[in-house]
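Enquirer: Pasting a predicted model and its sequence here:
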Amino acid sequence: MNMTTQQLLLAIAGMVVVTYGIRLSFLVFGHRLAFPHWLERSLRYVPAAVLTALIVPMALAPQGDIALTLGNAYLPGTLAAGALAFFTRRTLLAIIGGFVVYGLWRWLM
C-alpha cells in the first residue's frame, strides 16, 4: 500500500498538530493546573524510569539476545557509570567514567 505525497504530508501535519498541541496546552494552561501531591511526587521519577528503560536493554542485550558474558563491554561501562552517578552525583563524571570503562573493557577483551 503506497501513500501519495498528499497523504504523507497530511499524516505529518497531523502528527505536528498533536505533538505540539499537547506541549502547548501545558504552556498555556500549566499555571492553572494543580496536580495532587501524590502525582507531583510520582512524576519526579519519570526521567529516571525512562532513562533506565532505554539503557538497560542495550546494556544487557546489545545484539538482541541477553549477553551476560565478559565480551559484553556495555555492561561494565553501564554499571560503572551508574555507580559513579550514584556516589558522586556528578553527571559528566559518570558519563566520562562509563565511557572510559567501556573503552578499556573493549581494548582488554
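Expert: Yep, it's here.
Enquirer: starting at the chain centroid, how far to the helix or strand in which residue 27 is found?
Expert: In this assignment (DSSP states H and E), residue 27 forms part of helix 5-29. Here the centre of helix 5-29 is set off from its chain's centre by 22 Å, with C-alpha atoms, centre = their mean, to the nearest Å.
Enquirer: following that helix, which helix or strand comes up?
Expert: Proceeding N to C from helix 5-29, the next assigned helix or strand is helix 37-43, under DSSP H and E.
Enquirer: Next SSE downstream of that following helix?
Expert: Scanning forward in sequence from helix 37-43 by DSSP H and E, the next helix or strand is helix 46-60.
Enquirer: Outside of the helix or strand just after that following helix itself, which residues are in contact with it?
Expert: Next along the chain after helix 46-60, taking DSSP H and E as the criterion, comes helix 74-88. By C-beta atoms under 8 Å, 6 or more residues apart in numbering, the residues outside helix 74-88 that reach it are 55-56, 58-60, 62, 67-68, 90-91, 93-95, 97-102, 105. No exception for glycine: its C-beta is placed from N, CA and C like everyone else's.
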